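Novice: can you look at this prediction? I've put the sequence above it.
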Amino acid sequence: MIAVDAKHGTACLLSRRRWTSKLLSFRLARDPSFRFVPGQFARLGLRKPNGSPVWRAYSIASAPWDDHLEFYSIIVPDGQFTTLLDALEPGDEIMIERSAYGFLTTSRFADGRDLWMLATGTGLAPFLSILQDEDTWRRFERLVLVHGVRASAEFAYREEIDALRRHPLWADVGERLVYQPVLSREPAPWALAGRIPALLDDGTLEARVGLRIEPAHSRLMVCGSPNMVRDTHRALMRKDCRLSRLAAPAQIAVENGW
Ligand SMILES: Cc1cc2nc3c(=O)[nH]c(=O)nc-3n(C[C@H](O)[C@H](O)[C@H](O)COP(=O)(O)OP(=O)(O)OC[C@H]3O[C@@H](n4cnc5c(N)ncnc54)[C@H](O)[C@@H]3O)c2cc1C
Ligand SMILES: NC(=O)c1ccc[n+]([C@@H]2O[C@H](COP(=O)([O-])OP(=O)(O)OC[C@H]3O[C@@H](n4cnc5c(N)ncnc54)[C@H](OP(=O)(O)O)[C@@H]3O)[C@@H](O)[C@H]2O)c1
């Protein structure tokens, strides 16, 4: 990381991967002093042609031990940050704050048996990092990753998620992970159809995963659009789950994806 000032540095764009015309992943070189807990986000900055900076939050998708930082991004039409991001080439520099932020971490839960990770769109990113943490695999008996998107082309990281089960650090417990895709705008036999809150309300999601959501055992992390987070939170409250706070640990942790 090249120092810009005490709070910010710059990092080199190492590579990009395009999933669709609107979805890409990118890797930045990581300064060894940049520390984060899986589930946290970084603040990234780019300069507009007039030189003024645009800063945005980005969940870290890579593992805490990787020597790079990976991010998974939407390209918003005319978005201030993502239009600039879309035009970058490997070798270009991105500004980055030196600290990571956020509370969508498994430390939010004091206990629990089953960890449910409920995501839509790029809300998948923090869970990719959480699933590369050995502590996640050892601490919970079941890991359930639910990813909701509009069209099947938007199911990024499917092969990587599948490969996680065979990671040498936790291959002995690799069968603990259940991955459940949810598709809202086209049918596919391997995905559930609809939206996550409705699939929670009618019991379809639990039936497909083969696991009940119970306050005593389930811990649930939610990341997606503000509306998805709101509606999923409400659906989980109808199952008697509550937001987990430091002073009052409970079942739910949420993060709005923008
Ligand atoms: C804690 C946190 C973590 C975030 N992590 C990520 C991440 O990992 N990946 C990522 O792509 N974005 C993430 N975002 C959103 C990101 O900060 C920017 O909003 C996004 O890069 C678009 O920036 P923009 O300037 O191009 O458009 P903006 O002007 O910021 O956004 C314009 C509109 O685009 C839509 N939008 C913004 N972000 C998204 C999104 N991720 N998916 C779908 N629609 C969106 C919304 O309708 C928003 O009102 C995160 C935001 C927060 C608060
Ligand atoms: N992805 C695309 O191909 C596409 C195309 C045109 C425009 N856009 C625009 O791009 C932006 C981001 O699109 P996105 O698809 O990445 O993210 P998104 O709109 O958040 O949708 C991602 C997934 O979340 C679902 N969802 C939306 N609201 C929800 C809620 N309240 N509860 C539960 N699930 C909910 C969507 O279902 P639904 O399909 O039922 O909404 C979809 O399956 C949006 O402003 C969108 O209008 C995207």
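Specialist: That came in fine, so what should we check first? Ligands and ions are numbered 1, 2, ... in the order given.
Novice: which intervals of the stretch 1-150 of the chain have sub-threshold pLDDT?
Specialist: Within the stretch 1-150 of the chain, the ranges that satisfy pLDDT under 70 run 1-4.
Novice: and it, which of its residues are near ligand 1?
Specialist: 41, 56-59, 71-74, 76, 79-82, 102, 121-122, 125 (CB under 6 Å from any ligand atom). (Each C-beta comes from the backbone N, C-alpha and C, glycine too.)
Novice: and with 5 Å instead?
Specialist: For the stretch 1-150 of the chain, the residues in contact with ligand 1 (CB under 5 Å from any ligand atom) are 41, 56-59, 73-74, 76, 79-82, 121-122, 125.
Novice: so which pair among those is furthest apart in space?
Specialist: Using CB to CB, the pair of these lying farthest apart is Q80 and A125, separated by 19.6 Å.
Novice: comparing those two, which residue is more hemmed in?
Specialist: Using other CB atoms under 10 Å as the criterion, Q80 and A125 rank with A125 on top: 26 against 14.
Novice: dump the residue contacts of the more buried one.
Specialist: 58-61, 71-72, 223 (CB atoms under 8 Å, 6 or more residues apart in numbering).
Novice: among those residues, which two are most distant?
Specialist: F71 and C223 (13.8 Å).
Novice: and these two? Which one has more around it.
Specialist: When F71 is set against C223 and neighbours are counted by other CB under 10 Å, the residue ahead is C223, at 26 against 21.
Novice: my read: that one touches L104, true?
Specialist: Yes: C223 is within contact range of L104, at 6.3 Å (criterion: CB atoms under 8 Å).
Novice: okay then, goodbye and thanks.
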